[in-house]
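> With the sequence up front, the predicted model follows.
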Amino acid sequence: MSDAARFCGMAVMAKAPRVGDVKTRLVPPLSAAAAAALGGAFLKDAADNILAAATQAPIDGYVAYSPAGSEELFRAILPRAIRLLPPRHAGLAASLLDATADLLALGHRAVCLVNADSPNLPTAALVAAVEALAPPGDRLVLGPAEDGGYWLIGLKAPHGRLFENIAWSTDAVLGQTRERAASLGLDTVLLPSWYDVDDLSGLRRLAAELQDGVGYPARHTAEYLRGLLAEDAGRCRLAAERTASSDKR
């Protein structure tokens, strides 16, 4: 594999889309099962987006998954061209560092780690990340998220300190990472900002943007959301029919 590795190993950081484990901030209004299915749709679109970017830049696509033992679940929903990186240590910081080291060990000269919460992220943004890493010399590439984190981190070496003592899941993540990069003497390239879909307002924004053609089409997510809307409309019609029938009696 090392001999055939393309310049950049690009991996989605993903938890298994199991009921009760993903998209929990969307429960309610979604059921736990619906939230898990939505997480699976997000993951499939993230993988397809990487493969789309790979037609424009030297990228090999991966999913760095957790927890251990969930490989078959991922293999069942992902394209065959997407390879799997098994977890080695628990926790986000360790997972990010492990994925970086593993992709470099496979022969890639650069690594991009992408979140699984931005299904309509423009493909051009992924291509831009690889292009920013291409020139000689070490550097850091960050895709800022609107909530203060990042949707992508790109590296050419396993700088473990970039992941140490970071206030994960807060609006301080991006700033702390940039400060850590400066302390390491790493130049930082910032990509355009994008957003994560973690709550109902983000989901509503995503649904509107998919309808308006904003960003990557994310066909799996779009189809699933259309199905949810159809189910909701059906429940509303049934409730209205029951109310009308009751009123007649």
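That came through fine. Just so you know, these numbers come straight off a predicted model, no measurement behind them.

> Residue 40 - nearest residue in space that isn't next to it in sequence?
Leaving out its chain neighbours, the residue that sits closest to residue 40 by CB to CB, 6 or more residues apart in numbering is residue 17, at 3.9 Å. In short, each C-beta sits where N, CA and C put it, glycine included.

> Torsion angles phi and psi at the one you found?
Main-chain torsions, residue 17, degrees, to the nearest 10: phi -80, psi 70.

> so it touches residue 70, yeah?
No. The pair residue 17 / residue 70 is not scored as a contact, 9.3 Å apart, by CB atoms under 8 Å.

> Which one's more surrounded, those two?
When neighbours are counted by other CB atoms under 10 Å, residue 17 comes out ahead of the other of residue 17 and residue 70, with 23 against 19.

> so who does the more buried one touch?
Taking CB atoms under 8 Å, 6 or more residues apart in numbering as the contact definition, residue 17 lies against 36-37, 39-40, 43, 73, 77.

> so residue 75 is in which element?
Counting by DSSP states H and E, the element that carries residue 75 is helix 71-77.

> what distance separates that helix from the centre of its chain?
Helix 71-77 has its C-alpha centroid displaced from the chain centroid by 16 Å (CA atoms, centre = their mean, to the nearest Å).

> and that helix, C-alpha only, in PDB?
Coordinates of each C-alpha in helix 71-77 appear next as PDB, following Å, rounded to 0.1, in the frame of the first residue of the first chain:
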ATOM      1  CA  GLU A  71     -15.500  -2.400  11.400                       C
ATOM      2  CA  GLU A  72     -18.200  -4.500   9.800                       C
ATOM      3  CA  LEU A  73     -20.800  -1.800  10.400                       C
ATOM      4  CA  PHE A  74     -18.700   0.700   8.500                       C
ATOM      5  CA  ARG A  75     -17.800  -1.700   5.800                       C
ATOM      6  CA  ALA A  76     -21.400  -2.400   5.100                       C
ATOM      7  CA  ILE A  77     -22.300   1.300   4.400                       C
END
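
> Same question for that helix: list its buried residues.
Of all the residues in helix 71-77, those buried under the rule 16 or more other CB atoms under 10 Å are residue 74.

> Straight-line length of stretch 132-150, end to end?
Stretch 132-150 stretches 16 Å from its first residue to its last (CA to CA, to the nearest Å).

> now it, how far from the chain's geometric center?
Distance of stretch 132-150 from its chain centroid, counting by CA atoms, centre = their mean, is 15 Å.

> Going by neighbour count, which residues in it are buried?
Judged by neighbour count (16+ other CB under 10 Å), stretch 132-150 contains these buried residues: 132-133, 139-145, 147, 149-150.

> mind checking pLDDT for the residue most central in space within the chain?
With the centre of the chain defined as its mean C-alpha position, the nearest residue by CA atoms, centre = their mean is residue 116, 1.7 Å away. At residue 116, the pLDDT value in this model is 97.

> wouldn't it be in contact with residue 42 here?
Yes. Taking contacts as CB under 8 Å, residue 116 lies within contact range of residue 42: 5.6 Å.

> Next, show the common contact partners of the two.
Common neighbours of residue 116 and residue 42 (criterion: CB under 8 Å, 6+ apart): none identified.

> where in the chain is pLDDT low?
When the per-residue scores of the chain are filtered using pLDDT under 70, the ranges that remain are 1-4, 232-249.

> So which residues of it form helices?
Counting by DSSP state H, the segments of the chain that form helices are 32-53, 71-77, 92-105, 123-133, 173-183, 200-212, 219-248.

> Columns distance to residue 60 on top of those, output as a markdown table?
Putting the helices of the chain into a markdown table (distance: least, CB to CB, whole Å) gives the following:
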| stretch | distance to residue 60 |
| --- | --- |
| helix 32-53 | 9 |
| helix 71-77 | 16 |
| helix 92-105 | 8 |
| helix 123-133 | 11 |
| helix 173-183 | 25 |
| helix 200-212 | 27 |
| helix 219-248 | 21 |
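
> Many thanks, I have nothing further to ask.
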